[in-house]
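**Q** here is a sequence with its predicted model. Questions after.
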Amino acid sequence: MSELSDLEAGVVTLLQNITLGGRPAFAAVRGFADPDRRWALSALARENSPAAFVLCTERTRTGVGSKRVTRLYVSVLIGNRDLGGEDRVRLGDAEHPGSFQLLQSAMQALDGAVVLTNRRLVATEEQVIAADDRRLVYEQRYYVDRPV
């Protein structure tokens, strides 16, 4: 396997292991590879909710022809849908986790986690990328730090 496939698989596994109230936090977790966020949003809408997609979003090298990677980032798209309205999709209720709870759980599981045997994830930013009265999609971005 490649470094990127191992990274994606490691992050997917960490997200799959998150539980809330004794149940898996996410109904669907998988890797996704398309730089156009519209495709990711469309695919998230077809998944059972809540869902998380893992994307390897940036890998920069020191220069042309260099084999040394200087920056490596992974993004996690977290989509949540609830017909109960805007408040319930954000805050949740006794039966359904809210987006805020999902974001916090993902951040707790991923920020500082060691992946690829010796690389640590470092949370760098979090932002809303889509929202309406029934759906919220956030992106969490993580820098894959140098070997620990």
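**A** Arrived safely, thanks for sending. Residues are numbered from 1 along each chain as shown.
**Q** what's near enough to touch residue 106?
**A** Residues near residue 106 by Cβ atoms under 8 Å, 6 or more residues apart in numbering: 15, 18, 25, 52, 76, 78, 140. Yep, even glycine has a C-beta here, placed from its N, CA and C like the rest.
**Q** how about JSON lines for those residues, with distance to residue 109 added?
**A** Shown next, in JSON lines, are these (distance: Cβ to Cβ, whole Å):
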{"residue": "15", "distance to residue 109": "7"}
{"residue": "18", "distance to residue 109": "5"}
{"residue": "25", "distance to residue 109": "9"}
{"residue": "52", "distance to residue 109": "11"}
{"residue": "76", "distance to residue 109": "10"}
{"residue": "78", "distance to residue 109": "12"}
{"residue": "140", "distance to residue 109": "11"}
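**Q** count the neighbours of the residue nearest to residue 115 when sequence neighbours are not counted for me.
**A** Nearest residue to residue 115 in three dimensions, chain neighbours excluded: residue 10, at 3.9 Å (Cβ to Cβ, 6 or more residues apart in numbering). A count of nearby residues for residue 10, using other Cβ atoms under 10 Å, gives 21.
**Q** which ones among the contacts of residue 106 are found in helices?
**A** residue 15 (DSSP state H).
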